[in-house]
Each structure stands twice: as C-alpha cells, then as structure tokens.
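*Asks:* Build me a structure from this.
(chains A and B)
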Amino acid sequence: MNQQPPVPGKEPALAVSNLEIRIRGDHDTFTVVSDMALSVHPGETVCIVGESGCGKSITALSLLRLLPEAAHVEAGTVTINGEDFLSMDQRRVEDFRGEQIAMIFQEPLTALNPVLTIGEQIAESVRQHRQVSRRQARARAVETLQLVQMPDPERRSRQYPHQLSGGMRQRAMIALALACDPKIIVADEPTTALDVTIQAQILGLISDLQKRMGTALVLITHDLAVVAEVADRVVVMYSGRRVEEASVYDLFDNPVHPYTLGLMGAIPRSAGGQVGGRLVDITGTVPPLWDLPTGCAFAPRCPRADSRCHSEQPPYEEKRPGHFAACWEPDNG
Amino acid sequence: MQRLTRASGWGEAMRVPAILRNSSLVLGAVITLFIVFCALFAPYIATYGVNEMDMRNRFAGPSLQHWLGTDNFGRDLWSRLVFGARVSLSVGLISVGGAALIGTTVGLVAGYLRGWVDLLLMRITDIFLGFPAIVLALALIAVLGPGIFNISLALIAVFWTEYARVVRSTTLVLREQNYVQAAQALGASPLRIIFREILPNALGPIIVLASLGLGTAIIAESALSFLGFGLPPPTPTWGWTLAYGTRFIRDEPWLSIISGATIMITVLGFNLFGDGLRDILDPRQLTRSAGKK
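*Replies:* Numbers count the residues shown, from 1 in each chain, chains lettered A, B, ... in the order given. Predicted structure coming up:
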C-alpha cells in the first residue's frame, strides 16, 4: 500500500519549487528555508523529517500562506492544483484554504476555539465554503465526526473542546480539516501532543482517511517511526535545506546522507535491532541559522566530512534513480 | 456508573451555592433587580402620580402618608424617585449599549487589522479621551438639546473610548491564539475571524465593563441633571431632585439626602454586580479567591 509510485502524467496536487523563506531579525534578515521543493500527488503521503529548528514547520505554514509576520517568502512558487497559490489575491486564498488545502495542527487543545462547540466550529467552516443552511452544516459536522470515528458524534458535536479527551480533540481537529473535502492536507506533528497508544490510532486514522479520499498528505514529523508507518516518500531536512529524498523503503534500506544515517541510529528499538545496544547520537548541535557554515551545514557534525565539505555547498542531485541527496561523500555501501 | 452520575450531579448542585456565596454578586444583583423592577412597574409601585401636588403637605417629612416626604410643591418623593429610575436606567442602558457597541467594534477592528487602521482608530480614540469628559458631554448637549436620546448620545461619545481600548488590547492577545490561525487555515475571512473567533472570547471583559459602566453612566446623567443640562423639569430625574433639594437643605435636608442616597445605592449595586460578574467570568480571579479561603 505504501509503494504507490506517482501516476505518470498526472498533475501533482501540490508542487513547491525553489522555495526560500526569510525571517527578519532585530538587525538583519536571515534565510530559514532555502531551495525547498516538494511535489505531492493525490493519494500520496510525503513526510518531511528533521529535528527542531530545521525549517519543517515554517515550510508547512508557508504552504498555506500562514507565515508569521516576521517571515516572508523570498523566492519560489507553491502550486496547488495547477494554480499559483503565492500570487493569489486574499479572497481567493480564503477560498482555497479549507477547500483545496487544509491543515491539522500539533496541539488540538489550543487550535480549537474554547468558547464554541465542536459542531459549531465545523459547521462554521462548512458554511464558509458551501452555500448550505445552518441545519445542513450541522448535519455535515456530525457526519464528519462520524468519519473520524468520534464516539457518539451527535452528543460530542454539542460539547466544548475542554470536555473532550486529548485523542478526541485531535479527532475533532481532523474532522475540522476534512469537513470541506480538501485535496491536500498538511499535518504538522499531528501526534506529538498525544499519548503513545493514541498516537497509533490517530496516525492510522489519518492514513486510512487519506487513502480512502485520495487526498495528498504532507506530514511533518521528527519521528521516524511515524515515517516508516505512513510515508510513501520522505524528505529529510537539515538547517533549512533538503539533504535527502527517496521513497520510504529506499530511504530506510539505503540511506545516503550521513545525517539520515545518524537519525536512524538514534531510534531506540527493541525487536529486530540490537537489543540493549547503545543509541548512536549525532555529536554537536544544529548550527544557528544566522551563522551557517560556508560549506555543507552538516559538516561540523559529520563523521565523514573532509575539507571540501567545509568549504563548498554540496549540490542536491540524484544519487540513484529516484533517490536524491546533497552530499559530497555519500554512503554508497 | 450510578456512582458517577451521582457524583456529577453533586458537582452541578455545588456550583449554585458557589455563585450565591459570592456576597457582592448577590447584593449587587438584589439592588439591580429592585431598581429594574421599580423602573418597569413604576405606575404600580409609586403611591402618587409623578406630578401630583399635595399643597397642604409641602415639605412634609417622611410619614406613612408620604413614605419619603414631599418637596416644595408637595410632590411625593418616593413616587418621583421610582419614576426617576426609568430615566436613569434608560439613559444608562442606551449609553452603555451604544458605547459598548461602538467601542467593541472599533477595538476589534483596530486590534485585529493593526497597522495604519489601528493607528488611525486609536488616534481618534485619543482625541475623544483628550477632552475632559464632562465638557465634551455638556458641549454635545448644548448643540443637540436635551432629551433622553441626546443625553445618551453625549454619554456614548464620552464612554466608547474605554471599550475601544480594552477590547483592542484583548484582541491583540487573542489574534495570536492558535485557534485563530487554525480558522485562517480553514479559509475564514477576517470578518468571520473577528466576530466568530475573537469576539466570543472577548465577551468577558466587555460584560464586566458594561455592568460597571452602567453605574458611571447613571452618575453622569445625574451630574448633567444637577448642572441643569439634563432633562428639563418637571421630568423626575434623580440628579435634578438632588440639585434643587440643595436650595432647601438647611431646613428640609431629606430631599437631597434621599435622592443622593438613591443614586449612591444604585451605583453601588451595579458596581457590586459588575465585580461579582468579573469574579465569575475571570477564571484566574476565581482561583485566587478560592485560594484565600
């Protein structure tokens, strides 16, 4: 099910190219994301992986044009269903959000309005996009809650967010995102705020709904276990740049970039792997964005780095068919 | 299961006394309700007509016949104060309602849009704030002429700035909330975000401000009447009763004392009610007072 190559000739639902995002600091501006590219086809799941501060969340926000005020898109395009999203006027952007592209947020308690019931919030969004009566919108809300397997949807739709458990809140959040059948869903760490047992349920739900409805899914996460579970393709980011991209099997079987390799070494595993073995950590920390090294950003932490890595930015190129990476010393073994 | 339902039933039952234990809220509510009741049913509560004169009993002190005494025309003070509640309450409600409506709208728009809209609206607010309140109100009434509506209009011009500033600062905080961003992500227009996401969350401070403002508005109306800029006699306003009572204050002090006390108790009632509401509506205040006990 995971191995679903993009249908040739079919338009991607979401295409990002050359995206560069800059943030205004106190004195100057600096680049937080550069040369980002992404293409997601209907029914496909692309995961963006990286540690905190690598630019994955800000990339997600830029896909909906929800960047915070200090940040702006310096260059690049975001194309949604063939239309240039970044140059659209505000009215059309509002039409697109929710109907074409929707977002599932990390913390469902704060992302739901505390003074409106779940049902009201979903109905509100439906009425924004569809010419339906209040009653029909409410019915649609209950229907969507049913879709996300909310127990007792009729009653829950009349409850406020604080009356729901964490898992139910995230289901409500997903229902909110799905209410208008968006073609693309961007999920920013949707399971991070949840208990481990609930995480698996929610992840399964998102993945299941996405396959059933043929939605394109962009999943932002730092958790490789999540990636292995749901991804079709994976983009690994480091310091605001893509460092590796491949299908999920290819990536896990033959990671090319030493950073990806490092990430995998840092997963605790009990079965199959070295039981009781030490976790391999990546030495050092992420370089600050305003003080990036001239060469490869990962070079100061990389066990294989040589003089060229420290002085020249490695090109992002196809190392194997369908497997891209930016590294001077790729792991070919 | 049965235990659970019973436990939650107890929880519900416990909540009512918690509100009733808030003594300032209860006292405020009782006074407020009494004033509202007087205003609504004035003809039935008043023992005499508003302008009914009893010339044989001019300047009568409080007695069974005239509960609070009579004035220089022999008019029954109790009856005039009861009818006066109508004037004070109408002016209070219209001016507070109008001020809250205008101020809230200005505050929401300024706080949400920010930038030059905010700058412009807040400078206009500053201009209104810059005038001494009573001078602004007097000037407006001098231009518009007396009348319940015109007085209310003048008071709206004085009071709306408070709402604008409070709501703007609340909006500045609320617009950064995650659920506002989530609503944007679902395609909500600015108008929808302002009125469906931000306004319901900003209602607490607005309600408190309005209930406290009612007292201030009643004082302001009395002050205008006292200065002779209120409704012309023989309309039974509290402020004017207090003002002309001072002419006879050496010999017949109860006219001013009683009408003054009426204003004071009414305002106190609204303020206690407002404070009590704030205790209930602001969860931090609640925990603080709970911690004290």
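*Asks:* hey, let's count contacts and neighbours off CA atoms from now on
*Replies:* Noted.
*Asks:* Run through the bridge partners of the most centrally placed residue in chain A.
*Replies:* Taking Cα atoms, centre = their mean as the criterion, A:Ile220 is the residue nearest the geometric centre of chain A, at 2.5 Å. Beta-bridge partners recorded for A:Ile220 (DSSP bridges): A:Ile48, A:Asp188.
*Asks:* For it, give its distance to chain B.
*Replies:* Applying Cα to the nearest Cα, to the nearest Å, the value for A:Ile220 to chain B is 16 Å.
*Asks:* right, and that residue touches A:Ser52 too?
*Replies:* No - counting by Cα atoms under 8 Å, A:Ile220 does not reach A:Ser52; the two are 11.1 Å apart.
*Asks:* so A:Met161 touches A:Glu107, yeah?
*Replies:* Actually, residue A:161 is Pro rather than Met. No - taking contacts as Cα under 8 Å, A:Pro161 lies outside contact range of A:Glu107: 11.9 Å.
*Asks:* Looking at the two, which is more packed in?
*Replies:* Shown here are A:Pro161 and A:Glu107; by other Cα atoms under 10 Å in any protein chain shown, A:Pro161 has more neighbours (26 against 21).
*Asks:* tell me the contacts of the more buried one?
*Replies:* Counting by Cα atoms under 8 Å, 6 or more residues apart in numbering or on different chains, A:Pro161 makes contact with A:109, A:112-114, A:117-118, A:169.
*Asks:* Among these, which lie within helices?
*Replies:* Counting by DSSP state H, the part of the contacts of A:Pro161 found in helices is A:109, A:118, A:169.
*Asks:* Also within reach of chain B: list those from the contacts of A:Pro161.
*Replies:* For chain B, the contacts drawn from the contacts of A:Pro161 by Cα under 8 Å from any Cα of the partner chain are A:112-114.
*Asks:* what about the strands in chain A?
*Replies:* A:14-24, A:29-40, A:45-49, A:71-80, A:83-84, A:101-104, A:184-188, A:216-221, A:233-238, A:241-247, A:316-320, A:323-326 (DSSP state E).
*Asks:* Check which residues of the fourth one are buried.
*Replies:* By that I understand strand A:71-80. Within strand A:71-80, the residues that count as buried by 16 or more other Cα atoms under 10 Å in any protein chain shown are A:71-73, A:76-80.
*Asks:* Redo the contacts of A:Pro161 as TSV? Include neighbour count.
*Replies:* Converted to TSV, these look like this (neighbours: other Cα atoms under 10 Å in any protein chain shown):
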residue	neighbour count
A:Leu109	20
A:Leu112	29
A:Asn113	26
A:Pro114	17
A:Thr117	19
A:Ile118	28
A:Arg169	23
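*Asks:* Least confident of those residues?
*Replies:* Lowest pLDDT of those: A:Leu109, 84.
*Asks:* Excluding residues flanking it in the chain, which one is nearest the residue of the stretch 101-250 of chain A found nearest chain B?
*Replies:* Closest approach between the stretch 101-250 of chain A and chain B, counting by Cα to the nearest Cα: A:Ala111, at 4.0 Å. Distance criterion Cα to Cα, 6 or more residues apart in numbering or on different chains; nearest residue to A:Ala111, sequence neighbours excluded, is B:Tyr179 at 4.0 Å.
*Asks:* What are the contacting residues of the helix or strand harbouring that neighbour?
*Replies:* According to DSSP states H and E, B:Tyr179 maps onto helix B:178-185. With contacts defined as Cα under 8 Å, 6+ apart, helix B:178-185 is touched by A:64, A:66, A:94, A:97-98, A:102-103, A:105, A:110-113, A:125, B:174, B:193, B:197-198.
*Asks:* How about stretch B:113-123?
*Replies:* Residues from elsewhere that reach stretch B:113-123 (Cα under 8 Å, 6+ apart): B:106, B:109-111, B:165.
*Asks:* helix/strand/coil for the closest residue to B:Leu281 other than its chain neighbours?
*Replies:* Spatial nearest neighbour of B:Leu281, chain neighbours left out: B:Gly204 (5.9 Å); criterion: Cα to Cα, 6+ apart. Per DSSP: H, G, I helix; E, B strand; the rest coil, the local secondary structure of B:Gly204 is helix.
*Asks:* what does B:Val158 give?
*Replies:* From three-state DSSP, the assignment for B:Val158 is helix.
*Asks:* Give me the below-cutoff pLDDT ranges for chain A.
*Replies:* Scanning chain A for pLDDT under 70 picks out A:1-9, A:267-278, A:331-333.
*Asks:* least trustworthy helix or strand in chain B by mean pLDDT?
*Replies:* Here the helix or strand of chain B ranked lowest by mean pLDDT, DSSP states H and E is helix B:283-292, holding a mean of 44.
*Asks:* In the stretch 101-250 of chain B, where is pLDDT below threshold?
*Replies:* Judged against pLDDT under 70, the stretch 101-250 of chain B has no low-scoring part.
*Asks:* Tell me which residues touch A:Arg156, please.
*Replies:* By Cα under 8 Å, 6+ apart, the residues touching A:Arg156 are A:118-119, A:150, A:164.
*Asks:* wouldn't B:Met55 be in contact with B:Gly74 here?
*Replies:* Yes - applying Cα under 8 Å, one finds B:Met55 in contact with B:Gly74, separated by 5.2 Å.
*Asks:* Could you name the helices and strands sitting against the helix ranked longest in chain A?
*Replies:* If you go by DSSP H, chain A has its longest helix at helix A:196-213. Identification of packing neighbours for helix A:196-213 by 3 or more Cα pairs under 8 Å, 6 or more residues apart in numbering or on different chains; DSSP states H and E yields helix A:166-178, helix A:224-230.
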